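Got a predicted model here, sequence first, then my questions.
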Amino acid sequence: FLCYKFQSEAVAAFPAVELQVFEVSGATNPNTTTVVGRETALHLEGSGLGTGDEAYFVAPDATDCSCDGEGCTPYRDDVGGLLTATLNNGRGVVSFVPLAGSGTGSDNDGMQLCYRFQVEDTFVLYPNVRLKVNEVTSPVYEIVSADPNFADKTTRVYFDGSGLAAGDIALWSDRDTLTCQQLFIISYPNVGGPVVLAEDGEGRVFGDFNFPRATPQAFLCYQFEGFPAAKFAGSQISVVLSRNPFALMQLESILPNGAAILTATPITVSGSGFAARQGGDPRALEWFNDTSVQDANGNSLYCRWTGDAYSTSFVAPVVSASATQLVCNTPVDVPRADTDVELELFAVGCDAEQQADGVCDAVTITQTFTFYNPNLVQVVRLVPPGAPAGFLESLSSVTVSGYSLEDAALGRDIDLYPNLGPPSVKFEYPGFERTIVGSFPDAGRADVRSAVPYTSFSAGNPTYTVTLSLDNNTFTDSSRPFVIYNSVVDSGAPLGGPTS
């Protein structure tokens, strides 16, 4: 209430005049930390907090709660999106489960809180409330060698992610029926570990594991300090015998990890260990080039597509190989909505001894793929609809407005674009074709922006046919014309002026 003193009077109280302050002063822990996949309740302290208030998290370096671009959403879906607060013992509580990919890294103070009280129209940034998310992001997939004859042989595995530190504990298991907490306490032999992790001189966290037996697929259980052990299904290893062509492979990426239905899309598996070490056994690259092991179709390496996405398995040859990449095509099929796809890599042409040693055994990579219907992707308009001849590509751009970009995904709650990679725009006229990688100019992802190819004056002012692709492979059937025209300045006035 208000205390007021008139000049000729003593100080008096005016209880009818009230000032209410709305503020988030902090959290139970000012720098709250959680783990990907863990149900998290953030308890906020302050004044004026109430049920129905709204909150979300923004980037560590954000200066306000807005976002650039019409129709964009500033909040992050991987940490709950737009959250509704409840009141509990005077504290505002927001609950969420951080998803894979929401790790905040180790070089910042964590995501910041944006909060809106019900009596307010806008969100306010509270940089004093920070959220850190611990996550293991690599190895994504790694093949290690099992040697049952040497129980003391270890393989060093490096881990990357957010919040990793020496003293954390990790193990590898292929027992899907047990929780990670159970695996840490039972006597059943794990694939590798548990191992207390250490840091090298460069600050990377690692563990030295013994892998006494082969297994096609094992997942990671990781225990951050102060948290129970959690499963990170995105980190997998396959323990194989060392003569397998893929035994030294360390996967870095599978791109794109999405594809159009009924279309063969080239998928590139990138990493290291595809080529033989000096004096070592032949690996994937040497096996690919060895004509003596090729089958009747001239192939020696294959991809097999299986998993929940498909009703049956599909086999496709590896079409190219290098020391760092393998490429094969997705099946021409209509898979089930976004779900796990198992990509098996295997060699053919083994003799009886090699078969017995597992040289031609398949190794399995599990990846969640986004599938979309390309018929639902349409080009609606171009802005601007044309450009002058002779305009430099670096100075020009066109915005392609699309239709049903979000609805094209078979799983409507899946964001297409991190899976498919950057979009691309194709410009064509008779005798000319150019594809340019574009970008989404705002978080709404309703438009794609790209440069315009340089067109010389001698080209005769062609009209380009413009089409759009979400994965740089399958382009839209619909198109829009982009007109090249002459823009010449005949004269100007004045033609000069005084020097300054």
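Right, received. Where do you want to start? Residues are numbered from 1 along each chain as shown.

May I have the distance across stretch 280-298, first residue to last?
25 Å (C-alpha to C-alpha, to the nearest Å).

Flag every buried residue along it.
Across stretch 280-298, burial judged by 16 or more other C-beta atoms under 10 Å covers Pro282, Arg283, Ala284, Leu285, Glu286, Trp287, Phe288, Val293, Gln294. No exception for glycine: its C-beta is placed from N, CA and C like everyone else's.

Do I have it right that Gly386 meets Ser487?
No. Gly386 is beyond contact range of Ser487, at 10.0 Å (criterion: C-beta atoms under 8 Å).

for the stretch 301-450 of the chain, what are the low-confidence residue spans?
337-339, 402-419, 421, 443-445 (pLDDT under 70).

Looking at Gly386 and Ser487, which is more packed in?
Gly386 (15 against 9; other C-beta atoms under 10 Å).

and the closest residue to the more buried one other than its chain neighbours, how many neighbours does it have?
Nearest non-adjacent residue to Gly386, counting by C-beta to C-beta, 6 or more residues apart in numbering: Val483, 3.5 Å away. Applying other C-beta under 10 Å, we find 13 residues neighbouring Val483.

and Asn299, what does it touch?
By C-beta atoms under 8 Å, 6 or more residues apart in numbering, the contact set of Asn299 is Pro317, Val318, Val348.

Any idea what the first one is bridged to?
The bridge-partner assignment for Pro317, based on DSSP bridges, gives Tyr302.

Next up, the contacts around it.
Contacts of Pro317 by C-beta under 8 Å, 6+ apart are Asn297, Asn299, Leu301, Tyr302, Cys303, Cys328.

any idea which element the closest residue to Ser292 other than its chain neighbours lies in?
Spatial nearest neighbour of Ser292, excluding adjacent residues (C-beta to C-beta, 6+ apart): Gly349 at 7.3 Å. Using DSSP states H and E, Gly349 sits within no helix or strand.

same question, Leu345
Per DSSP H and E: strand 339-347 holds Leu345.

Ok, Tyr310 next?
Counting by DSSP H and E, Tyr310 is part of no helix or strand.

show me where the protein has helices.
Counting by DSSP state H, the chain has these helices, from start to end: 180-185, 284-289, 352-356, 416-420.

Okay, buried residues for the third one please.
Within helix 352-356, the residues scored as buried using 16+ other C-beta under 10 Å are Gln354.

for it, packing partners?
The contact analysis (3 or more C-beta pairs under 8 Å, 6 or more residues apart in numbering; DSSP states H and E) places helix 352-356 against no helix or strand.

which residues touch it?
Arg243, Cys360.

Dump that helix to CSV, restricted to CA.
Below are the C-alpha coordinates for helix 352-356, written out as CSV (Å, rounded to 0.1, in the frame of the first residue of the first chain):
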residue,chain,number,x,y,z
ALA,A,352,34.2,-70.4,-46.5
GLU,A,353,37.0,-69.3,-44.1
GLN,A,354,36.0,-65.6,-44.4
GLN,A,355,32.3,-66.5,-43.8
ALA,A,356,33.3,-68.4,-40.6
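
count of neighbours near Val21?
Val21 has 7 nearby residues by other C-beta under 10 Å.

What residue, apart from its backbone neighbours, is nearest it spatially?
That would be Ser47: by C-beta to C-beta, 6+ apart, it lies 5.3 Å from Val21.

list the contacts for that neighbour?
Contacts of Ser47 were listed using C-beta under 8 Å, 6+ apart, and they are Gln20, Val21, Phe22, Glu23, Ser25.

Let me know the closest of those residues to Tyr429.
Distance to Tyr429, by C-beta to C-beta, is smallest for Phe22 among those, at 59.9 Å.

Would you confirm that the closest one contacts Gln118?
No. With contact defined as C-beta under 8 Å, Phe22 does not reach Gln118; the gap is 9.4 Å.

returning to what we had before: the residue nearest to Ser292 contacts Asp295, doesn't it?
Yes. With contact defined as C-beta under 8 Å, Gly349 reaches Asp295; the gap is 6.8 Å.

distance of Arg204 from Gln236?
Remark: distance between Arg204 and Gln236 (C-beta to C-beta, to the nearest Å) = 19 Å.

So those two - more neighbours on which side?
Shown here are Arg204 and Gln236; by other C-beta under 10 Å, Gln236 has more neighbours (23 against 12).

which residues touch that one?
Pro139, Val140, Tyr141, Glu142, Gln217, Ala218, Phe219, Leu220, Ile365, Thr366 are the contacts of Gln236 under C-beta under 8 Å, 6+ apart.

is the nearest residue to it once chain neighbours are set aside in a bridge, and if so with what?
Leaving aside its chain neighbours, Gln236 sits nearest to Tyr141 (5.1 Å; criterion: C-beta to C-beta, 6+ apart). On the basis of DSSP bridges, Tyr141 is bridged to Gln236, Leu251.

Pull the number of nearby residues for Tyr141.
The number of residues near Tyr141, taken as other C-beta under 10 Å, comes to 25.

same deal with Pro228?
12.

if we can go back for a sec, comparing Phe22 and Gln118, which shows the higher neighbour count?
Ranked by neighbour count (other C-beta under 10 Å), Phe22 and Gln118 place Phe22 first, with 17 against 12.

Tell me the pLDDT of that one.
Looking at Phe22, its pLDDT is 83.

check contacts around it.
Gly46, Ser47, Gly48, Phe117, Val119, Glu120.

cool, Lys132 as well?
Lys132 neighbours (C-beta under 8 Å, 6+ apart): Asn31, Thr32, Thr33, Thr34, Thr104, Asp109, Gly110, Met111, Ser162, Gly163.

at 7 Å what do you get?
Applying C-beta atoms under 7 Å, 6 or more residues apart in numbering, we find Lys132 in contact with Asn31, Thr33, Thr104, Gly110, Gly163.

again, but for Thr467
By C-beta under 7 Å, 6+ apart, the neighbours of Thr467 are Val379, Lys426, Phe475, Thr476, Ser479.

now it, nearest residue through space, not along the chain?
Phe475 (4.4 Å).

thought the one you found was touching Glu428?
No. Judged on C-beta atoms under 7 Å, Phe475 makes no contact with Glu428 at a distance of 9.8 Å.

Who has more neighbours out of those two?
Phe475 (22 against 17).

returning to that earlier point: residue contacts, the residue nearest to Thr467?
Lys426, Thr467, Leu468, Ser469.

Out of those residues, grab the one that's most surrounded.
Neighbour-wise, these (other C-beta under 10 Å) top out at Leu468, 25 neighbours.

Can you name the residues bridging to that one?
Where Leu468 sits in a bridge, its partners, by DSSP bridges, are Val425.

mind listing what it touches?
Applying C-beta under 7 Å, 6+ apart, the residues near Leu468 are Val377, Val379, Val400, Gly402, Pro423, Val425, Val448, Phe475, Thr476.

So which of those belong to strands?
In this view, the contacts of Leu468 that belong to strands under DSSP state E are Val379, Val400, Gly402, Val425, Val448.
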